[in-house]
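> I'd like to go over a predicted model; first the sequence, then the structure.
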Amino acid sequence: MKIVVLDGYGLNPGDLSWEEMRALGELTVYDRTAPAELLERSAGAEVLITNKTVITAEDMAALPALKYIGVLATGYNIVDIQAAKARGIIVTNIPAYSTASVAQMVFAHILNITQRVGHYAYANRHGRWANNPDFCYWDTDLVELDGKKLGIIGLGNTGQATARIAAAFGMQVCAYTSKPQSQLPGGIRKMELDELFRECDVVSLHCPLTPDTKELVNADRLALMKPTAILINTGRGPLVNEKDLADALNKGVIAAAGLDVLSSEPPQYTNPLLTAKNCFITPHIAWATKEARVRLMRIAVGNLKGFIKGEIVNNVAE
């Protein structure tokens with residue numbers, strides 16, 4: 001069986017092993033694959049493994065041997081699922097592999113914004129504290145989380161993990177979710193969406209990207225927020241209207257934003273959030289702890305083993 005990994009570098013830049021997957025067939029791994037290279041590299045392959053390389057209906061039509069597509073991520077919008085179904089091609093994804101890591105990144109952003117550890121460490125390396133007349137100094141607001149309200153939009157695995165960390169900090173946790181209040185974990189209060197934006201000190205996005213949630217965060221919703229409020233997005237970039245958020249930050253409508261995802265990745269230099277006031281951006285790495293990537297690799301191999309045995313798991317093209 002011919003297996004082609006189209007863009008393996010994101011998962012494995014060299015610190016993991018492909019050997020378990022190699023044991024399942026004739027494996028070729030590419031770090032990255034441009035659209036123009038896809039058909040040549042995939043010729044004769046029964047299995048394609050992709051992270052962000054798009055596989056279209058036209059690609060599938062040109063690859064008659066293709067039987068299985070394994071997506072190295074939870075989201076699978078890079079594959080034309082309807083075309084795969086029509087051709088009987090199995091498509092699998094990797095659910096819930098990075099829950100703890102993403103929740104950890106949520107609080108890395110929250111703590112960075114409220115405590116500004118990096119700012120002070122940088123200043124002190126350049127002599128700020130050594131030249132200070134007092135035993136301490138601060139030039140940013142320092143915010144205690146205890147008693148503050150965290151609003152979580154989307155209460156799936158990652159939203160619930162984030163809620164547990166928030167509770168440990170003494171935060172009041174609110175959620176916008178389709179679940180009824182009776183099914184929510186203890187200590188979480190259900191809110192309507194605009195109420196959550198209006199009342200919460202921190203709003204964290206954990207919902208999937210759908211036509212209904214695209215640009216969920218826009219000028220109208222940002223205007224509802226407290227001027228001291230913080231927005232966190234470790235979910236999907238297009239949940240946020242980026243121009244509206246940049247405007248809100250620059251005008252002081254909200255205090256800060258911590259983002260791990262943008263609408264286009266890598267971003268264009270012209271993306272207004274790259275230069276917006278109090279906007280802290282990490283390069284889509286919430287998922288990328290080594291522990292999470294080891295789980296991802298293990299699940300990807302397990303998905304493929306299941307396909308080979310005829311015991312399909314995590315099939316998104318049913």
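Okay, I see it.

> from here on, contacts and neighbour counts on C-alpha atoms
OK.

> which secondary structure elements does the host helix or strand of T158 contact?
Assigned by DSSP states H and E, T158 belongs to helix 157-168. Contact here means 3 or more CA pairs under 8 Å, 6 or more residues apart in numbering; DSSP states H and E; on that basis helix 157-168 packs against helix 99-115, strand 149-153, strand 172-176.

> just the helices in the protein please.
In the chain, the segments counted as helices under DSSP state H are 19-22, 38-42, 57-61, 81-87, 99-115, 117-125, 157-168, 193-199, 219-224, 242-250, 290-309.

> circling back to that earlier point, hey, which of the helices and strands packed on helix 157-168 is tucked in deepest?
strand 149-153 (a mean of 26; mean count of other CA atoms under 10 Å).

> can you list the strands that it pairs with?
strand 172-176 (parallel), strand 202-205 (parallel) (DSSP bridges).

> these: which one's closest to L216?
strand 202-205 (9.6 Å; CA to CA).

> quick one: distance of the closest one to the chain centre.
13 Å (CA atoms, centre = their mean, to the nearest Å).

> ditto for stretch 290-307
Worked out by CA atoms, centre = their mean, stretch 290-307 lies 18 Å from the chain centre.

> how about it: buried residues?
Buried residues in stretch 290-307, counted by 16 or more other CA atoms under 10 Å: 292-294, 296-297, 299-305, 307.

> with only the CA atoms kept, save it in PDB.
Taking C-alpha atoms only, stretch 290-307 is exported to PDB below (Å, rounded to 0.1, in the frame of the first residue of the first chain):
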ATOM      1  CA  LYS A 290       5.300  17.600  22.100                       C
ATOM      2  CA  GLU A 291       2.900  15.700  24.300                       C
ATOM      3  CA  ALA A 292       0.000  16.700  22.000                       C
ATOM      4  CA  ARG A 293       1.900  15.900  18.900                       C
ATOM      5  CA  VAL A 294       2.800  12.400  20.200                       C
ATOM      6  CA  ARG A 295      -0.900  11.800  20.800                       C
ATOM      7  CA  LEU A 296      -1.700  13.100  17.300                       C
ATOM      8  CA  MET A 297       0.800  10.800  15.700                       C
ATOM      9  CA  ARG A 298      -0.500   7.800  17.700                       C
ATOM     10  CA  ILE A 299      -4.100   8.500  16.800                       C
ATOM     11  CA  ALA A 300      -3.200   9.000  13.100                       C
ATOM     12  CA  VAL A 301      -1.500   5.700  13.000                       C
ATOM     13  CA  GLY A 302      -4.400   4.100  14.800                       C
ATOM     14  CA  ASN A 303      -6.900   5.600  12.300                       C
ATOM     15  CA  LEU A 304      -4.900   4.100   9.400                       C
ATOM     16  CA  LYS A 305      -4.600   0.700  11.100                       C
ATOM     17  CA  GLY A 306      -8.400   0.700  11.600                       C
ATOM     18  CA  PHE A 307      -8.900   1.500   7.900                       C
END
